[in-house]
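Peer 1: Fold the following, please.
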Amino acid sequence: MSINTSTTAGPSLRAAAAATFVVFGVNGFVFASWAARIPAVTETLDLTSGQMGTLLLCTAIGSLLALPTAGLVVGRIGTANAVRAAGVLAALAGVGIALSLSAESVVGTAIALFFFGIGIGLWDVSQNIEGADVEHKLRRTIMPQFHAAFSGGAFVGALIGAGLSSIGVGLPLHLLVIAGAVVIVALIAPRYFLPHLPAVAPANGEPRAPKGSAWRDSRTLLIGVVVLGATLTEGAGNDWIAKATVDGLGTSESTGALMFALFVLAMTAMRFVGGRVIDKYGRVAVLRASMAAAAAGLGLFVLAGNVWLAAVGAALWGIGAALAFPMGMSAAADDPKHAAARVSVVSTLGYVSFLAGPPLLGYLGDLTGIHLALLAIMAPILLALLLAGAAKPLATK
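Peer 2: You can find the predicted model right below:
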């Protein structure tokens with residue numbers, strides 16, 4: 001791991017950056033441990049793509065209930081305790097998923113996925129708040145590196161999922177081991193986070209911003225729409241690229257997991273170099289190029305007639321999906337006075353798409369096959385491309 005914090009950063013700030021990197025990475029690892037083996041879940045529970053979409057919707061509902069309140073939770077107990085609570089809840093839900101799959105219980109799996117979604121939603125928002133705080137104090141763009149940690153963790157999780165699938169290790173045992181590791185990391189890593197400071201009243205009699213005002217800011221909402229389209233691209237790849245490979249190209253489950261691993265590897269690599277690319281070419285130009293690459297990669301993946309061309313498409317798709325979310329967080333935080341509220345709005349819109357979009361693709365997949373259903377996300381990708389100018393940095397005074 002390498003996070004460039006500059007020589008002026010104090011030891012506690014460097015430790016906070018490293019701890020944030022670890023927390024992002026473990027979050028990605030947990031998510032991929034589930035996502036890479038979705039084909040095994042459909043087989044164990046004997047589900048169609050639409051029925052699997054309903055299960056994924058249970059996760060989305062849990063997360064969407066957690067997202068609007070995550071800021072309040074962090075405000076009360078701090079990012080460190082919020083991550084601890086979220087990690088323990090996600091781990092317990094993972095145990096519930098494992099036990100439900102062992103019993104072949106669809107209802108039990110759905111309930112466990114609901115609580116898994118709550119844990120993941122709170123975890124995601126908390127780590128992004130901590131990451132934004134660290135980035136602000138370091139005075140350099142490092143949010144893409146934190147998101148690279150998420151993708152790197154997902155890549156490792158996908159590889160492990162592929163390996164365990166190929167040697168016949170069941171998903172329940174896989175999830176039980178992951179749950180134990182998550183509890184350990186979630187309890188230890190946040191102790192190195194930056195100190196939590198309670199919110200204070202505005203100075204010099206300055207009025208408070210009206211509640212919900214960020215939801216009425218046109219620039220924030222446009223950035224949110226851009227991020228919504230971009231995160232649907234990423235979420236669809238995370239949830240469906242493995243199954244689309246199996247169903248559309250007639251490959252094995254392990255090959256599908258490897259295709260997913262390639263997708264997240266491409267995202268990870270791009271996120272590690274993304275800060276330098278953004279600094280050189282500008283946020284808007286990189287965002288437009290990202291969406292164009294995502295569209296081209298998605299089209300090639302779906303229309304390719306063999307695994308090798310599909311793999312090229314998956315890699316290009318991953319490169320295109322890599323930077324939009326961290327760029328959206330940076331754009332929303334351009335004005336420090338309103339950063340917290342606007343980051344909350346953009347992240348909520350992004351996660352709505354990230355979590356709710358893939359289940360809807362599952363329903364469409366029942367009609368067209370999940371492989372062709374992926375083409376539906378071309379529309380939000382192109383919309384994000386057209387609206388990318390909203391992310392132009394605000395003029396500094």
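Peer 1: I'd say residue 294 and residue 314 touch.
Peer 2: No - Residue 294 is beyond contact range of residue 314, at 11.2 Å (criterion: Cβ atoms under 8 Å). Every residue, glycine included, has its C-beta placed from N, CA and C.
Peer 1: Look at residue 69 and give its secondary structure.
Peer 2: Secondary structure, DSSP: H, G, I helix; E, B strand; the rest coil: residue 69 is helix.
Peer 1: I'd like the distance between it and residue 103.
Peer 2: Going from residue 69 to residue 103 by Cβ to Cβ, to the nearest Å gives 31 Å.
Peer 1: Check residue 67 too.
Peer 2: As judged by Cβ to Cβ, residue 67 and residue 103 stand 30 Å apart.
Peer 1: neighbour-wise, which of these two wins?
Peer 2: Between residue 67 and residue 103, residue 67 has the larger neighbour count (other Cβ atoms under 10 Å), namely 23 against 12.
Peer 1: can you tell me which residues contact that one?
Peer 2: Listed by Cβ atoms under 8 Å, 6 or more residues apart in numbering, the contact set of residue 67 reads 121, 125, 347-348, 351-352.
Peer 1: Generate TSV for those residues, with neighbour count, secondary structure and pLDDT as supplementary columns.
Peer 2: Below are these laid out as TSV (neighbours: other Cβ atoms under 10 Å; DSSP: H, G, I helix; E, B strand; the rest coil; pLDDT from 0 to 100):
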residue	neighbour count	secondary structure	pLDDT
121	27	helix	84
125	28	helix	81
347	26	helix	77
348	20	helix	79
351	26	helix	75
352	19	helix	75
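Peer 1: Report the two of the residues you listed separated the most.
Peer 2: Maximum pairwise distance in the contacts of residue 67, criterion Cβ to Cβ, is 12.5 Å, between 125 and 352.
Peer 1: Need the residues that contact stretch 42-55.
Peer 2: Around stretch 42-55, the neighbours that count as contacts under Cβ under 8 Å, 6+ apart are 38, 41, 101, 104, 106, 109-110, 113, 171, 243, 247, 358-363, 365-366, 369-370, 373.
Peer 1: what residue ranges in the stretch 151-300 of the chain score low on pLDDT?
Peer 2: Filtered on pLDDT under 70, the stretch 151-300 of the chain yields the residue ranges 196-212.
Peer 1: State the distance from the residue nearest to residue 381 when sequence neighbours are not counted to residue 285.
Peer 2: Closest residue to residue 381 apart from its sequence neighbours, by Cβ to Cβ, 6 or more residues apart in numbering: residue 295 at 4.9 Å. Using Cβ to Cβ, residue 295 is found at 16 Å from residue 285.
Peer 1: More neighbours: the two, which one.
Peer 2: Taking neighbours as other Cβ under 10 Å, residue 295 and residue 285 compare with residue 295 leading, 20 against 13.
Peer 1: Which element, helix or strand, includes the more buried one?
Peer 2: For residue 295, the host element (DSSP states H and E) is helix 283-303.
Peer 1: what about the closest residue to residue 107 other than its chain neighbours, neighbour count?
Peer 2: Nearest residue to residue 107, sequence neighbours excluded (Cβ to Cβ, 6+ apart): residue 100, at 7.9 Å. By other Cβ under 10 Å, 21 other residues sit near residue 100.
Peer 1: Quick check: residue 100 touching residue 109?
Peer 2: Yes - between residue 100 and residue 109 a contact is recorded at 4.1 Å, counting by Cβ under 8 Å.
Peer 1: contacting residues for the residue nearest to residue 107?
Peer 2: 107-109, 111-112.
Peer 1: now it: how far from residue 62?
Peer 2: Taking Cβ to Cβ, one finds residue 100 at 15 Å from residue 62.
Peer 1: and if you look at residue 311?
Peer 2: Distance of residue 311 to residue 62, computed by Cβ to Cβ: 33 Å.
Peer 1: Between the two, which has more neighbouring residues?
Peer 2: Neighbour totals were compared for residue 311 and residue 62, and residue 62 leads with 25 against 19 (other Cβ under 10 Å).
Peer 1: Might one say that the more buried one is in contact with residue 117?
Peer 2: Yes - counting by Cβ under 8 Å, residue 117 is a contact partner of residue 62 at 2.6 Å.
Peer 1: name the element residue 52 belongs to?
Peer 2: helix 49-102.
Peer 1: looking at it, residue 383 is touching residue 222, isn't it?
Peer 2: No - if you go by Cβ under 8 Å, residue 383 and residue 222 don't touch, sitting 10.6 Å apart.
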